[in-house]
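Enquirer: output the structure for:
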Amino acid sequence: QVQLVESGGGLVQAGDSLRLSCAASGRTFSVYPMGWFRQAPGKEREFVAAISWGGSNTYYADSVKGRFTISRDNAKNTVFLQMNSLKPEDTAVYYCALSRGKTTIPSSPPTVGSWGQGTQVTVSS
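Expert: Numbering: from 1, shown residues only. The predicted model follows:
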């Protein structure tokens with residue numbers, strides 16, 4: 001059973017940056033694609049970014065492309081989300097996600113095998 005623990009959320013102003021981290025344990029982390037999702041109050045959970053198992057391929061939602069960067073350190077079983085130029089509409093709980101399969105990119109909730117507990121990101125205007 002994999003465990004995912006996010007950290008790095010907080011309250012920032014528009015235009016600021018934050019770096020989220022997700023530490024994984026309990027499974028062979030390095031062979032699975034990973035992703036980040038977010039959920040704002042009253043809205044469905046949505047895809048933010050994903051990364052292949054080796055880190056060579058990355059995928060982003062249009063709303064964050066050019067501002068967010070996903071990366072991973074397989075030696076440390078950790079995936080990161082660098083968020084720059086934050087906007088109030090980025091306010092949400094951010095969830096780390098492990099793919100349900102070694103060849104599946106976690107781009108929607110049904111493609112996720114395990115979720116973290118979430119970390120709150122609040123961007124004030």
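Enquirer: which residues touch the host helix or strand of residue 93?
Expert: In this assignment (DSSP states H and E), residue 93 forms part of strand 92-99. Contact with strand 92-99 is made by 2, 4-6, 9, 20, 22, 24, 27, 29, 32-40, 43, 45, 48, 79, 81, 105-106, 111-121, as judged by CB atoms under 8 Å, 6 or more residues apart in numbering. C-beta here means a position set from N, CA and C on the backbone, and glycine is covered the same way.
Enquirer: hmm, residue 9 and residue 18 touching each other?
Expert: Yes: assessed by CB atoms under 8 Å, residue 18 is found in contact with residue 9 at 7.0 Å.
Enquirer: low-confidence ranges, the protein, go.
Expert: Low-confidence regions of the chain, defined here as pLDDT under 70, cover residues 27.
Enquirer: all the helices of it, residue numbers only.
Expert: For the chain, applying DSSP state H gives no helices.
Enquirer: how about the residue nearest the centre of it: what's its closest non-neighbour residue?
Expert: By CA atoms, centre = their mean, the chain has its centre lying nearest to residue 36, at 2.1 Å. Spatial nearest neighbour of residue 36, excluding adjacent residues (CB to CB, 6 or more residues apart in numbering): residue 48 at 4.4 Å.
Enquirer: cool, residue 30 as well?
Expert: residue 74 (3.8 Å).
Enquirer: what about that neighbour, distance to residue 9?
Expert: Separation of residue 74 from residue 9 (CB to CB, to the nearest Å): 23 Å.
Enquirer: spit out the contact partners of residue 118.
Expert: 6, 39, 93, 94, 95.
Enquirer: for residue 125, that is, sorry about that
Expert: Going by CB under 8 Å, 6+ apart, residue 125 touches 13, 14, 88.
Enquirer: also residue 35?
Expert: The contact partners of residue 35, by CB under 8 Å, 6+ apart, come to 47-51, 70, 96-97, 99, 105-107, 112.
Enquirer: ok, now residue 73?
Expert: Counted by CB under 8 Å, 6+ apart, residue 73 has contacts 79, 80.
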